[in-house]
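In: Just need the structure, nothing else, for what follows:
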Amino acid sequence: QKIGWKLEEILKDEREERDMLQAEDHNVAKRAEDNRLGGLPEDDGAPPYVADAEERLERIEGRMQKMEEFMQEALQYTTFRGKDLRNRLAVIEDLIRSQRDAAMGSMERDIWNDGQSRLGSDRGGGGGGMFG
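Out: Numbers count the residues shown, from 1 in each chain. I've put the predicted structure just below:
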């Protein structure tokens, strides 16, 4: 829901900016028309903000290129860390399995050893039985 609010705020800002730019375009078009009709001296026929538009676009493209490179590096790093994490988890899983197997083997040996000693003492191995 928070994302929805942010999205609505962004859309509202975009609409306001679009309306403002359209109003500026209308004003610039009106001034250009006035220039053609002789109302104001004409510089080079282009509105003032269009003259440096190419420079602005180049700066924006440069920034976008830097962002793209950063995003690519971040993706590569994330992929590397994901593989590293997967390998570490595999090692941990193997260690846990080996500990479990060792504990189970030890417990089974203890059960067999306890069972044999009990059975041996119950058979009269201590002497004093019917046959001893």
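In: pull the helix or strand with minimum mean pLDDT from this structure.
Out: Comparing every helix and strand of the chain by mean pLDDT, DSSP states H and E singles out helix 48-51 as the least confident one, with a mean of 61.
In: Against Lys66, how distant is Arg59?
Out: When distances are taken as Cβ to Cβ, to the nearest Å, Arg59 and Lys66 turn out to be 11 Å apart. To be clear about C-beta, it is placed using only N, CA and C from the backbone, and glycine gets the same treatment.
In: go on, Leu21?
Out: Using Cβ to Cβ, one obtains 25 Å as the distance from Leu21 to Lys66.
In: ditto for His26
Out: In this view, His26 and Lys66 are 34 Å apart by Cβ to Cβ.
In: swap in Arg15?
Out: Distance from Arg15 to Lys66, by Cβ to Cβ: 28 Å.
In: Same check on Ile96?
Out: Spatial separation of Ile96 from Lys66 under the definition Cβ to Cβ is 44 Å.
In: Quick one: the helices in the chain, in order.
Out: When secondary structure is read from DSSP state H, the chain shows helices at 2-36, 48-51, 53-122.
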